[in-house]
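K.L.:
Provide a 3D model corresponding to the input given below.
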Amino acid sequence: MRFLITGIGGFVGPYLARLLLEAGHEVFGLESRRGAIPVLEELHRQFPHHFPAGAILRADISEPLGVRHAVGEVRPDGLFHLAAVSFVTDSQADPLGAYQTNFFGTLNVLRAVRQEHPACRVLNVGSGDAYGASGNEMSVISESAPFRPVSPYGVSKAAADLAAFEWYWSGGEVIRARPFNHTGPGQAPRFVCSSFARQIAEIELGKRPGVLDVGNLDVTRDFTDVRDIVAGYLALWERGSAGRAYNLCSGRGVSIRTVVDELCRRTSAAVDVRVVETRRRANEIRWLVGSYARAEAETGWRPRRALGQTLEDLLEYWREQLASGV
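P.N.:
The predicted model follows:
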């Protein structure tokens, strides 16, 4: 099979590309960033026939003609739409940019498929953040929970999810994934787990004082390993029902305080935890935990990796990166 991944150069894209390549599929990517992306160059070296040098097409999903050209050139059997503004704080600083990329970009992708290759089966990647304030009122969120987003990111993802459903209703072949928080090696240090892991690795190497700067430790989130999430994307594409929405998550609530404790247990360095008020978000949702029961029942997917192992891998990743001068 031939697949096209939008946002292939981000955190999740290389993991999904590797999974597809290891299964013997051809992979192409749409990426707005120019220049070399080392992790993708490594995939090309390992899979030169299924991920050739020209497999990365350069275009921004906010540019309809570029997206249409990519879909028309690749004519994929499947398209995984990952490209997005994914950091909540970025969406708050530039709401219009988030809407342009996450909502209108999704419309561009769906329209390009309809115009150039309507037989393509699309997996649209939404977000558990679309549920927003519903999390404070439910112990575990199923796909029937209402959208009550509390950030421009959540709003844009909810809107894109609904646009995907409308596209399905008018004849398109699309599955709607709603992943909750996910982390793992390679995640940018702006995100909470990666931020903590990098700071601890810096403390170990003497690159910063023995102080771990944190925000609100008393909120609870649902964390899944990125490698489990991409396995979920493939399972949904292969076995999910068109038009259906599926949560991908661990089903387990973990406080940010627990994440800090788990990481500190994995270092021999002396670490003092310091709450920094500027890292605390106003009106932050206290609880956001999902149920993956539908995905498991209909596709057989379930998360496999324990959070402790994911955090160990993340911390080791930052040790290696910092030791090599990154």
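
K.L.:
burial count for the nearest residue in space to Ile285 that is not next to it in sequence?
P.N.:
Residue nearest to Ile285 in three dimensions, not counting chain neighbours: Gly135, with 5.2 Å by CB to CB, 6 or more residues apart in numbering. (C-beta placed from N, C-alpha, C; glycine too.) Residues lying near Gly135 (other CB atoms under 10 Å) number 27.

K.L.:
Contact partners for the nearest residue to Thr220 once chain neighbours are set aside?
P.N.:
Leaving out its chain neighbours, the residue that sits closest to Thr220 by CB to CB, 6+ apart is Gly253, at 4.4 Å. Gly253 makes contact with Thr220, Arg221, Asp222, Trp287, Val289, according to CB atoms under 8 Å, 6 or more residues apart in numbering.

K.L.:
Distance check, the residue of the chain positioned farthest from its centre against Leu315.
P.N.:
Ranked by distance from the centre of the chain (CA atoms, centre = their mean), the top residue is Ala270, with 32.0 Å. Ala270 sits 16 Å away from Leu315, going by CB to CB, to the nearest Å.

K.L.:
what do you get for Trp167?
P.N.:
For Trp167, the distance to Leu315 - CB to CB - is 41 Å.

K.L.:
The residue farthest from the centre of the chain falls within a strand, correct?
P.N.:
No. Looking at Ala270 with DSSP: H, G, I helix; E, B strand; the rest coil, it is coil, so not inside a strand.

K.L.:
Please tell me I have it right and it contacts Val211.
P.N.:
No. Using CB atoms under 8 Å, Ala270 makes no contact with Val211, being 9.9 Å away.

K.L.:
All the strands of the stretch 201-326 of the chain, residue numbers only.
P.N.:
211-214, 220-221, 224-225, 245-248, 254-255, 272-275, 287-288 (DSSP state E, counting those that start in this stretch).

K.L.:
which stretches of the chain have low pLDDT?
P.N.:
278-283, 326 (pLDDT under 70).

K.L.:
so what are the domain limits for it?
P.N.:
2-183+224-249+290-304, 192-219+254-288+312-323 (automatic domain parsing).

K.L.:
Tell me which of the ones you listed is the most buried.
P.N.:
Most buried of the domains of the chain by mean neighbour count (mean count of other CB atoms under 10 Å) is domain 2-183+224-249+290-304; its value is a mean of 20.

K.L.:
Next, the contact list for His117, please.
P.N.:
Counted by CB under 8 Å, 6+ apart, His117 has contacts Val71, Gly72, Arg75, Pro76.

K.L.:
Including distance to Arg121, could those residues go into JSON lines?
P.N.:
As requested, the contacts of His117 are arranged in JSON lines below (distance: CB to CB, whole Å):
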{"residue": "Val71", "distance to Arg121": "13"}
{"residue": "Gly72", "distance to Arg121": "17"}
{"residue": "Arg75", "distance to Arg121": "13"}
{"residue": "Pro76", "distance to Arg121": "9"}
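
K.L.:
Do a quick rundown of the helices in the stretch 201-326 of the chain.
P.N.:
226-239, 256-264, 293-299, 307-323 (DSSP state H, counting those that start in this stretch).

K.L.:
Relative to the whole chain's centre, how far out is the third one?
P.N.:
From the chain centre to the centre of helix 293-299 is a distance of 20 Å (CA atoms, centre = their mean, to the nearest Å).

K.L.:
Could I get the CA-only coordinates of it as CSV?
P.N.:
The C-alpha trace of helix 293-299 is given here as CSV (Å, rounded to 0.1, in the frame of the first residue of the first chain):
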residue,chain,number,x,y,z
ALA,A,293,-13.1,0.8,24.9
ARG,A,294,-14.5,1.5,21.4
ALA,A,295,-11.1,1.2,19.7
GLU,A,296,-10.4,-2.0,21.5
ALA,A,297,-13.8,-3.6,20.8
GLU,A,298,-13.8,-2.6,17.1
THR,A,299,-10.1,-2.9,16.1
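
K.L.:
what's that helix in contact with?
P.N.:
142-143, 232, 235-236, 238-241, 244, 246-248, 251, 301-302.

K.L.:
does Leu162 count as helix, strand or coil?
P.N.:
Assignment for Leu162 (three-state DSSP): helix.

K.L.:
And it, how far from Phe51?
P.N.:
Taken as CB to CB, the span from Leu162 to Phe51 is 33 Å.

K.L.:
With Arg178 instead?
P.N.:
Taking CB to CB, one finds Arg178 at 28 Å from Phe51.

K.L.:
cool, and Val276?
P.N.:
Where Phe51 is concerned, Val276 sits at a distance of 41 Å (CB to CB).
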